[in-house]
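>>> Quick one: sequence plus predicted model below, questions after.
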Amino acid sequence: MMNRALQILAITAAATVMAALVLACDPIGPGAIGEATLGDEVSTDGFVSLEVRIFPTKGKAWTIKDGVPADRSLHVHRYPLSSVRFPFTYEVSSGVGVSDDQEWRALLFLSKTPVVDGLPQPVSGDVYGTGTFELLACTGFSGFCNVTSGVDVRLDAVVP
């Protein structure tokens, strides 16, 4: 009886180790960490959140009038302004996975829009900042992955 209990314990332990190894092999998905700062004349009065979006550039020029793509490559994070003090270190990532795209854009904006359904898009009067960054090539996987640090963004433009 004791041998059977030890066998079950050993099998359970081996399965746990194998599951951990499989999970450890997944690459860290695309993401960005950086410092968000406000322009000299920018106030947070009237805004409810700091919205962070990262998305592949697809090699195309982009302006704020293009808005935020609504495809599955978009990664988002919403910070209620009640929990934000500038300069503010933000982070957004997809968890695990790879991307075929190396160049990505970070878009940060102050939003007056409370979230009811979906994600707010930048609207007229919102303050924003943007920049591009590159993901590193994944070791052992095809594509690009990992969280890129130093993606600092200054929010100093106003959506027309």
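Perfect, thanks for sending it.
>>> going forward, measure contacts between C-alpha atoms and count neighbours the same way
Fine.
>>> What about residue 123, how many residues nearby?
18 (other CA atoms under 10 Å).
>>> I should have written residue 48 there, sorry.
Neighbours around residue 48, by other CA under 10 Å: 17.
>>> And for residue 42?
Residues within reach of residue 42, counting by other CA under 10 Å, total 13.
>>> Who's the closest spatial neighbour of it, skipping the chain neighbours?
Computed as CA to CA, 6 or more residues apart in numbering, the closest residue to residue 42 that is not its neighbour in sequence is residue 156, at 6.7 Å.
>>> What distance do you get for the one you found to residue 125?
As judged by CA to CA, to the nearest Å, residue 156 and residue 125 stand 12 Å apart.
>>> hang on, the earlier thing: list the contacts for the residue nearest to residue 42?
Residue 156 is in contact with 38, 39, 40, 41, 42, 127, 128, 129, counting by CA atoms under 8 Å, 6 or more residues apart in numbering.
>>> From residue 39, how far off is residue 82?
Applying CA to CA, the value for residue 82 to residue 39 is 19 Å.
>>> Comparing these two, which shows the higher neighbour count?
A direct count of neighbours by other CA under 10 Å for residue 82 and residue 39 places residue 39 higher, at 14 against 10.
>>> Now do the residue nearest to that one when sequence neighbours are not counted against residue 71, distance only.
Excluding its sequence neighbours, the residue lying closest to residue 39 (CA to CA, 6+ apart) is residue 156, at 4.4 Å. Distance, residue 156 to residue 71, by CA to CA: 27 Å.
>>> Residue 121 too?
Distance of residue 121 to residue 71, given as CA to CA: 14 Å.
>>> Tell me, what's the model's pLDDT at the residue positioned nearest the centre of the chain?
Closest to where the C-alpha atoms of the chain average out (CA atoms, centre = their mean) is residue 92, at 2.4 Å. We have a pLDDT of 90 for residue 92.
>>> which regions of the protein sit below the pLDDT cut-off?
Scanning the chain for pLDDT under 70 picks out 1-25, 72-73, 115-118.
>>> Just the helices from it, written as ranges.
2-25 (DSSP state H).
>>> where exactly do the strands run in it?
Using DSSP state E, the strands of the chain run over 31-38, 49-56, 75-80, 88-93, 103-111, 127-134, 136-137, 144-145, 147-149, 153-155, 157-158.
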